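*Asks:* What would the 3D arrangement of this be:
(chains A and B)
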Number of protein chains: 2
Amino acid sequence: MATKAVVLLSGGLDSTTALYLAHSKGLELYALSFIYGQLHDKELQCAQWHAQHLGVKKHFVIDLSFTAWDTSSLTHNAAGNAIEAGNIQRKHAPNTYVPARNMVFLSIAASIAESVGAQYIYIGVSEADYSGYVDCRESFIKAMQAAINQGTERRLINNMPIKICAPFMHLNKAQEIHLGLQLGVDFAHTWSCYRGDSHPCGQCDSCLLRARAFAEAGIPDPLI
Amino acid sequence: MATKAVVLLSGGLDSTTALYLAHSKGLELYALSFIYGQLHDKELQCAQWHAQHLGVKKHFVIDLSFTAWDTSSLTHNAAGNAIEAGNIQRKHAPNTYVPARNMVFLSIAASIAESVGAQYIYIGVSEADYSGYVDCRESFIKAMQAAINQGTERRLINNMPIKICAPFMHLNKAQEIHLGLQLGVDFAHTWSCYRGDSHPCGQCDSCLLRARAFAEAGIPDPLI
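*Replies:* Numbers count the residues shown, from 1 in each chain, chains lettered A, B, ... in the order given. The predicted structure is shown next:
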């Protein structure tokens, strides 16, 4: 029986590269995306494109609106609560931070992994090159691994617990882009901008991080 | 400003008593219930009754159907996958086990706690008197506490991280019932049966545990 992986897939640069990496290892793929209240569906469209392109076994799209309780600008961009202007040097979490988002996403990934018998959960977070979100750090991923070890039941798949794989934890985005190109990722079908206009705004944190990454990689961004 | 707590409230015996315990401490209450694919809404109706009775600040009812991926009999009771006959001595998880359910519920509770500025999350799990679910054990709750410490950002409320309170971890259900009565819980408005018929079936694990608890407490179950 094929070894299976659940891949958290937003449709951005990181998670898409993670999907292709898992695919390159011959894993049977279960993609997992969320409609959590983001202001546009451009990322989700990209996620669907890659899931179809790679022929994943199943693409779960879970509707879980954080807007019922959260006031992040990422889900409530409005006058007085606009997405912050980009500043990738800042030390505090930006107002695009969605509380405990990766904890929720990984928990649901763990539930799905148990249900389908997947040994791995892939998540494209990076501590090396991130935007001030605590739930992208290695210490958090390790804590969630411990919680999964304790809180899942049918966890013995090949005598192993479900394992969280965060292969980019210590890579920067430029390194990810090089890896992605090797793996055949078409970055024209990835979306990073927090805003959902026809073209990337070029000004939010996510656009700034992406622009820096492509510049460092010495490769033009196909979206620009 | 009032100290706030998010209380996981299914409408069963444990979580309802947890709600009243948090209320007795003068906390501002945010109840949290889930429509996760359970076969009936009797528990949820009970949850709503108590939330209203105690005048909670807000009752979040989150629609997150595990049926999209899970095959537990609790969400897919059908021919060939019926809820197991009760056997509270069994050592393996019953087929009513829903994968990683408490991990998902606690993660969403953490997200809400961060958003509303709550210091506490109450959960009515018990290791002393449980039904074979790993996610009711103290080792799991401790692991989730560590994950919350690492994975939440706006966690400094009175200089404390969000704390998971599992006050019944080492109580049995009979002790909970005595406590609940002291706190004013009307157990006629709680529902434990996995099935959603007009009366409790008396045969599933949850009915057996409830019956044993009321017998040990020396009190008649007002539902019977």
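*Asks:* Does the lengthiest strand in chain A reach chain B?
*Replies:* Longest strand of chain A, by residue count under DSSP state E: strand A:28-35. No. Using C-beta under 8 Å from any C-beta of the partner chain, strand A:28-35 never reaches chain B; the gap is at least 8.5 Å. Every residue, glycine included, has its C-beta placed from N, CA and C.
*Asks:* How about stretch A:3-15?
*Replies:* No. With C-beta under 8 Å from any C-beta as the criterion, chain B is not reached by stretch A:3-15; the gap is at least 9.4 Å.
*Asks:* C-alpha coordinates for that stretch, CSV please?
*Replies:* Included here for stretch A:3-15 are C-alpha records, laid out as CSV according to Å, rounded to 0.1, in the frame of the first residue of the first chain:
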residue,chain,number,x,y,z
THR,A,3,2.8,5.6,1.8
LYS,A,4,0.5,8.6,2.2
ALA,A,5,1.0,12.3,3.0
VAL,A,6,-1.4,15.1,3.9
VAL,A,7,0.0,18.4,2.5
LEU,A,8,-1.2,21.7,3.7
LEU,A,9,-1.6,23.6,0.5
SER,A,10,-2.5,27.3,0.5
GLY,A,11,-1.4,27.9,-3.1
GLY,A,12,1.5,30.2,-2.1
LEU,A,13,5.1,29.7,-3.0
ASP,A,14,6.0,27.6,0.1
SER,A,15,3.2,25.1,0.3
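*Asks:* List the buried residues for it?
*Replies:* Across stretch A:3-15, burial judged by 16 or more other C-beta atoms under 10 Å in any protein chain shown covers A:Lys4, A:Ala5, A:Val6, A:Val7, A:Leu8, A:Leu9, A:Ser10, A:Gly11, A:Gly12, A:Leu13, A:Asp14, A:Ser15.
*Asks:* what's the closest of these to chain B?
*Replies:* Checking the buried residues of stretch A:3-15 against chain B with C-beta to the nearest C-beta, the nearest one is A:Val6 at 9.4 Å.
*Asks:* if I pick the closest one, what's in contact with it?
*Replies:* Counting by C-beta atoms under 8 Å, 6 or more residues apart in numbering or on different chains, A:Val6 makes contact with A:Tyr30, A:Ala31, A:Leu32, A:Ala109, A:Ile112, A:Ala113, A:Val116, A:Ala118, A:Tyr120, A:Ile121, A:Tyr122.
*Asks:* Mind telling me what element the closest residue to the third one other than its chain neighbours is part of?
*Replies:* In space, A:Leu32 comes closest to A:Phe60 once its chain neighbours are excluded; the distance is 4.9 Å by C-beta to C-beta, 6 or more residues apart in numbering or on different chains. Element membership for A:Phe60 (DSSP states H and E) is strand A:58-63.
*Asks:* just checking, what packs against the next helix or strand after that strand?
*Replies:* Where DSSP H and E defines the elements, the next helix or strand beyond strand A:58-63 is helix A:101-116. Packing partners of helix A:101-116 (3 or more C-beta pairs under 8 Å, 6 or more residues apart in numbering or on different chains; DSSP states H and E): strand A:4-8, strand A:28-35, strand A:58-63, strand A:120-122, helix A:138-151, helix B:101-116, helix B:138-151.
*Asks:* most tightly surrounded among the ones you listed?
*Replies:* Burial of those is given as mean neighbour count (mean count of other C-beta atoms under 10 Å in any protein chain shown); strand A:4-8 ranks first at a mean of 27.
*Asks:* Parallel or antiparallel, which strands does that one pair with?
*Replies:* With DSSP bridges as the test, strand A:4-8 is paired with strand A:28-35 (parallel), strand A:120-122 (parallel).
*Asks:* neighbouring contacts of the longest one?
*Replies:* The one in question is strand A:28-35. In contact with strand A:28-35 (C-beta under 8 Å, 6+ apart) are residues A:2-11, A:19, A:22-23, A:41, A:44, A:47-48, A:50-51, A:54, A:56-65, A:105, A:108-109, A:112-113, A:116, A:118.
*Asks:* quick one: which helix or strand includes A:Gln38?
*Replies:* Applying DSSP H and E, one finds A:Gln38 in no helix or strand.
*Asks:* no no, A:Trp49
*Replies:* Per DSSP H and E, A:Trp49 falls inside helix A:42-54.
*Asks:* Output that helix in CSV with nothing but the alpha carbons.
*Replies:* What follows is helix A:42-54, C-alpha atoms only, in CSV (Å, rounded to 0.1, in the frame of the first residue of the first chain):
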residue,chain,number,x,y,z
LYS,A,42,-6.6,33.5,-5.8
GLU,A,43,-4.4,31.3,-3.6
LEU,A,44,-7.1,28.7,-3.5
GLN,A,45,-7.4,28.7,-7.3
CYS,A,46,-3.6,28.1,-7.5
ALA,A,47,-3.9,25.3,-4.9
GLN,A,48,-6.6,23.6,-7.1
TRP,A,49,-4.5,24.0,-10.2
HIS,A,50,-1.5,22.2,-8.7
ALA,A,51,-3.5,19.6,-7.0
GLN,A,52,-5.1,18.7,-10.3
HIS,A,53,-1.8,19.1,-12.2
LEU,A,54,-0.1,16.5,-9.9
